[in-house]
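Asks: After the sequence you'll find the predicted model.
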Amino acid sequence: MAEVPLPLCVAAAMNAAVRCLLGFTFSTDNREPKVSTEARSYPPRDVIGYSGCPPHARWPNGALVALNFVINVEEGSEPSIPDGDEASCAALCECPSDAPPGVRDLSAEGMFAYGARCGIWRVLRAFQSRGLSATIFACAEALDKNETLAAAIQESGFDVCCHGLRWEDHIDMDEETERQRIAAAMKSLERTLGKKSVGWYCKTAPSTNTRKLLVQHGGLLYDSDAYDDDLPYWVDVPELSKPSVIHKHLVVPYTLCTNDSKFAPGRAFSTSEDFFVFMRDALDVLVDEAQATNRPKMMSVGLHPRLIGHPARLRGLQRVLDYVRETLGDRVWVARREDIARHWAREHPPAAPAVTSSPSEARPVTAAPRLLITGGAGFVLSHVVREFLEQNGVGATAVVFDQERAWDAVVQQFLSKALESGRLKLFHGDVSSQESWARLLETHGCDFTHIVAGAALTPTPTEDLKLGAKILNVNFMGVVATLTWAQSHCRQLHRLVHISSDAVLGVPGLIVDRPEGSPAPAEEVGSRALPALSLYALAKVGGEGATRRWRDVCGMDAVSVRFSDVYGPLDRNTGARNRHNAPYWVCRKALRMIREGKPKDAADKFHIAGKSIHEVCWDIIDAPSAARGVVALLMAEHKPRKVMYHLALGMTPTHAEVLDAALRGGKHPECDAALDVYSHTDDLVTFADTTQNETSAAVVGAVDLATLPGDHWLHRAPMPISDMQTEFGWTPTPLRTAIRDYVQHLATHPC
């Protein structure tokens, strides 16, 4: 079994890149550039993105790549002396300008004009003759000066993304000037084209205010002022006038890589073959990657009529279009940028509403809830899976991460509705294996909103020693691996719940909020050495500590919950859990007593492991109640106030009380037909009638009543559940009701 090394917590770090040009205010002297406080903080740098685990794009018709061709219409809007500028622009032309300031460069003006007079028409025909779509990045003044082209674009069906009022730099515009330019550009395009543009893209780089000004202007679906991803994504944008108000804004990234700008002098492309091979290779890699990882991507191709529109270069574009249409076919969705943005907004709405966050606030969930649960094929956690899906409606889904051997017929029947509907997926793996986590990422992604870290080996006393290393690997290192994976990949995570156990309550100092009558901390801790805990308990202690570590250091919304002894449907030997808790045996004894016609009073004489059943008491919890508690913790809108909660009955019924409840519940018509399946040889616990001088005993592997010292407070005081009751409104099912339901289940579903 591969072991997962204990990782370093992910921490934000600043580096020398804070001195990059973006955000500097330049001075005319030789002093260090001045950086405003606002420019340092917004927009925040994000070098993590989807963390190698993007959501499944779900492109139409199962396409593997969404391909958007962008035709930049800039000619006529570039800086030029006739338009009042100090010099002519020769950017992305055949040669740089040699004209001194204040002197017109007619060659530069002519090279731009070629794109509008000739190049654009070749490019448009290349798409229209093949029935393929494209997006126009249009500078408003370029179309103002070319009404024929504006009309052709209207008739083409291509969408138009506003490329600014002119082809000019926004990076160093002051706020008010930029506000006016954005408004004028949007108004001009609407007037020219007869409809509003829903997208925006600056010349190369925006200012630190651009996105805030776009949101303030309103009416935009997206912007493309980004070069940092292969898929669209959402960002938080604060209002200019009220920064505490946050808006969700969609970014559809552009690229300067798969772009004909590489034809400019001194850059990568010389021939049309260069262009074709470059674009073809990019498409092939993305298609292969999507097939291998089941994660489709997006690709943009940037085109400039004054470059690609020359006959010597156009053949490269034509070959790309033919390759896409004839070779790649349905594997590629050739789409307009607006269509991609609308698809993303519909299929992948923002994961959380616009709120400011603080350490005391949880991250609300607006995306469909998606649960990852380790150990979910076992006993209690199968109930958690079903409860989660039932509470959250048809949009909720879950992935259960467990060993293949745990997928027996019992759990498959229990979760059959979710499996048949496709809302539940099964993943076979080992939580302590890095290879399994890598496969999970490839096959199911990482867009989980909720995680339960519950995988565990629940051993008998003999197995606890025999399987020590395996227990620590799964029960402790498996939790560490889950926390690490969630921190690294799950950008939409609302909360993680770690499942712990009452077994840890033998550790001095771990009991919190003790009920009246329980030992005080000083009495319990004192100078005593650590008790002889089981490795199971030690691993659970470690899991609690790791969960708190990730919460305190990494800021993850993570919490632990301790179960008392759980009983209920699906309590069975799975290989990971090879023992039953006391209520299982007590309820089975009740069914035999009913079958044999023994009077209820006979139970008063029974002993277990040398103790009267009136003396043996324990705090217990039924599995459905425990599942409701876990889901309440998962789904709470507020961040849990504590790092640890308890799910228990909140009382310590004696085994006599449990047996009495079982006898009452077992007298039910549904039980009669199945009572004969229980024989004395099935029972690992001997219930002794002392009037007949029988020897009471407990076989190894059965109920271990000596787990805790005889004077341990759990023998006389319940686990505290007041926090779950007051903070989350959770209460366990009353004992008699829960035991009745369980006995009736045992009678009809013998294990």
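Replies: Perfect, I can see it now.
Asks: Got the confidence number for the spatially closest residue to Met299 that is not a sequence neighbour?
Replies: Nearest residue to Met299 in three dimensions, chain neighbours excluded: Leu67, at 5.2 Å (C-beta to C-beta, 6 or more residues apart in numbering). Where you see a C-beta, it was placed from the backbone N, CA and C, and this is true even at glycine. For Leu67, the model assigns a pLDDT of 98.
Asks: helix, strand or coil for Leu67?
Replies: Classification of Leu67 by DSSP: H, G, I helix; E, B strand; the rest coil places it in strand.
Asks: does it really touch Leu283, like I thought?
Replies: Yes - at 7.2 Å, Leu67 and Leu283 qualify as touching, with contact defined as C-beta atoms under 8 Å.
Asks: Overlap of the contact sets of these two?
Replies: With contacts taken as C-beta atoms under 8 Å, 6 or more residues apart in numbering, Leu67 and Leu283 have Met299, Val324, Val332 as neighbours in common.
Asks: For the longest helix seen in the chain, which outside residues touch it?
Replies: Across the chain, the longest stretch assigned as helix under DSSP state H is helix 272-293. Outside helix 272-293, the residues within contact range by C-beta under 8 Å, 6+ apart are 64-65, 67, 230, 257-258, 260, 262-263, 268-269, 295-297, 299, 301, 308, 312-317, 319-320, 323-324, 328, 331-332, 442.
Asks: circling back to that earlier point, would you mind putting the shared contacts of Leu67 and Leu283 into JSON lines with neighbour count alongside?
Replies: Compiled in JSON lines, the shared contacts of Leu67 and Leu283 are given as follows (neighbours: other C-beta atoms under 10 Å):
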{"residue": "Met299", "neighbour count": "20"}
{"residue": "Val324", "neighbour count": "22"}
{"residue": "Val332", "neighbour count": "22"}
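Asks: Need those residues in CSV (columns: pLDDT and secondary structure).
Replies: Supplementary listing: the shared contacts of Leu67 and Leu283 in CSV, determined by pLDDT from 0 to 100; DSSP: H, G, I helix; E, B strand; the rest coil:
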residue, pLDDT, secondary structure
Met299, 98, strand
Val324, 97, helix
Val332, 97, strand
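Asks: can you tell me which of those lies nearest to Asp236?
Replies: In terms of C-beta to C-beta, no member of the shared contacts of Leu67 and Leu283 lies closer to Asp236 than Met299, at 26.2 Å.
Asks: hang on, isn't that closest one packed against Asp229?
Replies: No - Met299 is not in contact with Asp229 according to C-beta under 8 Å; the separation is 11.6 Å.
Asks: Common neighbours of the two, please.
Replies: Looking at what touches both Met299 and Asp229 (by C-beta under 8 Å, 6+ apart), there is no common residue.
Asks: what about dumping the CA coordinates of stretch 629-645 to PDB?
Replies: Extracted in PDB, the C-alpha atoms of stretch 629-645 (Å, rounded to 0.1, in the frame of the first residue of the first chain):
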ATOM      1  CA  GLY A 629     -26.500  14.900  12.000                       C
ATOM      2  CA  VAL A 630     -23.600  14.600   9.500                       C
ATOM      3  CA  VAL A 631     -25.800  16.100   6.700                       C
ATOM      4  CA  ALA A 632     -26.900  18.900   9.100                       C
ATOM      5  CA  LEU A 633     -23.200  19.700   9.600                       C
ATOM      6  CA  LEU A 634     -22.400  19.500   5.900                       C
ATOM      7  CA  MET A 635     -25.300  21.700   4.800                       C
ATOM      8  CA  ALA A 636     -25.400  24.400   7.500                       C
ATOM      9  CA  GLU A 637     -25.200  27.900   5.900                       C
ATOM     10  CA  HIS A 638     -23.100  29.300   8.700                       C
ATOM     11  CA  LYS A 639     -19.600  28.200   9.600                       C
ATOM     12  CA  PRO A 640     -19.700  25.800  12.600                       C
ATOM     13  CA  ARG A 641     -18.800  27.600  15.700                       C
ATOM     14  CA  LYS A 642     -16.700  24.700  17.100                       C
ATOM     15  CA  VAL A 643     -14.200  22.300  15.600                       C
ATOM     16  CA  MET A 644     -15.800  19.200  17.300                       C
ATOM     17  CA  TYR A 645     -19.300  17.900  17.700                       C
END
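Asks: remind me which residues of the stretch 51-200 of the chain are low pLDDT?
Replies: Segments of the stretch 51-200 of the chain classed as low confidence (criterion: pLDDT under 70) are 90.
Asks: ok, which stretches of it are helices?
Replies: Ranges of helices in the stretch 51-200 of the chain, per DSSP state H, counting those that start in this stretch, are 106-114, 120-128, 140-144, 147-156, 175-193.
Asks: most tightly surrounded among the ones you listed?
Replies: When you average the neighbours per residue for each of these (mean count of other C-beta atoms under 10 Å), helix 140-144 leads with a mean of 23.
Asks: Can you give the contact residues for that helix?
Replies: Here helix 140-144 makes contact (C-beta under 8 Å, 6+ apart) with 73-77, 116, 149-150, 153, 162-167, 184-186, 188-189, 192-193.
Asks: Any idea what Val399 is bridged to?
Replies: With DSSP bridges applied, Val399 shows beta-bridge pairing to Leu372, Lys425.
Asks: backbone phi and psi for Thr652, please?
Replies: Backbone torsions of Thr652, given as degrees, to the nearest 10, read phi -120, psi 80.
Asks: That one: neighbour count?
Replies: The number of residues packed around Thr652, counting by other C-beta atoms under 10 Å, is 20.
Asks: cool, Ser197 as well?
Replies: Counted with other C-beta under 10 Å, Ser197 comes out at 23.
Asks: Please list all residues in contact with it.
Replies: Shown here is Ser197, whose contacts under the criterion C-beta under 8 Å, 6+ apart are Ala138, Val160, Cys161, Cys162, Met186, Leu189, Glu190, Leu220.
Asks: Let me see the backbone angles for it.
Replies: For Ser197, the backbone dihedrals are phi -80, psi 140 (criterion: degrees, to the nearest 10).
Asks: Same check on Asp105?
Replies: Comment: the main-chain dihedrals of Asp105 come out as phi -110, psi 100, following degrees, to the nearest 10.
Asks: what about the closest residue in space to Leu467 that isn't next to it in sequence, how many residues close to it?
Replies: What sits nearest to Leu467 in space, not counting adjacent residues and going by C-beta to C-beta, 6+ apart, is Pro459, at 6.0 Å. When counting by other C-beta under 10 Å, one arrives at 23 neighbours for Pro459.
Asks: ok, Pro459 to Val480 distance?
Replies: For Pro459, the distance to Val480 equals 20 Å [C-beta to C-beta, to the nearest Å].
Asks: if we can go back for a sec, in this structure the residue nearest to Leu467 contacts Val474, no?
Replies: No - contact status for Pro459 versus Val474: not in contact, 10.5 Å apart, counting by C-beta under 8 Å.
Asks: Send me the helix or strand containing Leu389 as PDB with only the CA atoms.
Replies: When secondary structure is defined using DSSP states H and E, the element that contains Leu389 is helix 380-392. Taking only C-alpha atoms (Å, rounded to 0.1, in the frame of the first residue of the first chain), the coordinates of helix 380-392 have been written out as PDB:
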ATOM      1  CA  VAL A 380     -23.100   4.400   8.800                       C
ATOM      2  CA  LEU A 381     -21.800   6.400   5.800                       C
ATOM      3  CA  SER A 382     -24.100   4.600   3.300                       C
ATOM      4  CA  HIS A 383     -26.900   6.200   5.400                       C
ATOM      5  CA  VAL A 384     -25.100   9.600   5.000                       C
ATOM      6  CA  VAL A 385     -25.000   9.200   1.200                       C
ATOM      7  CA  ARG A 386     -28.700   8.500   1.000                       C
ATOM      8  CA  GLU A 387     -29.700  11.200   3.500                       C
ATOM      9  CA  PHE A 388     -27.600  13.800   1.500                       C
ATOM     10  CA  LEU A 389     -29.200  12.900  -1.800                       C
ATOM     11  CA  GLU A 390     -32.700  12.900  -0.400                       C
ATOM     12  CA  GLN A 391     -32.300  16.200   1.400                       C
ATOM     13  CA  ASN A 392     -30.800  18.100  -1.500                       C
END
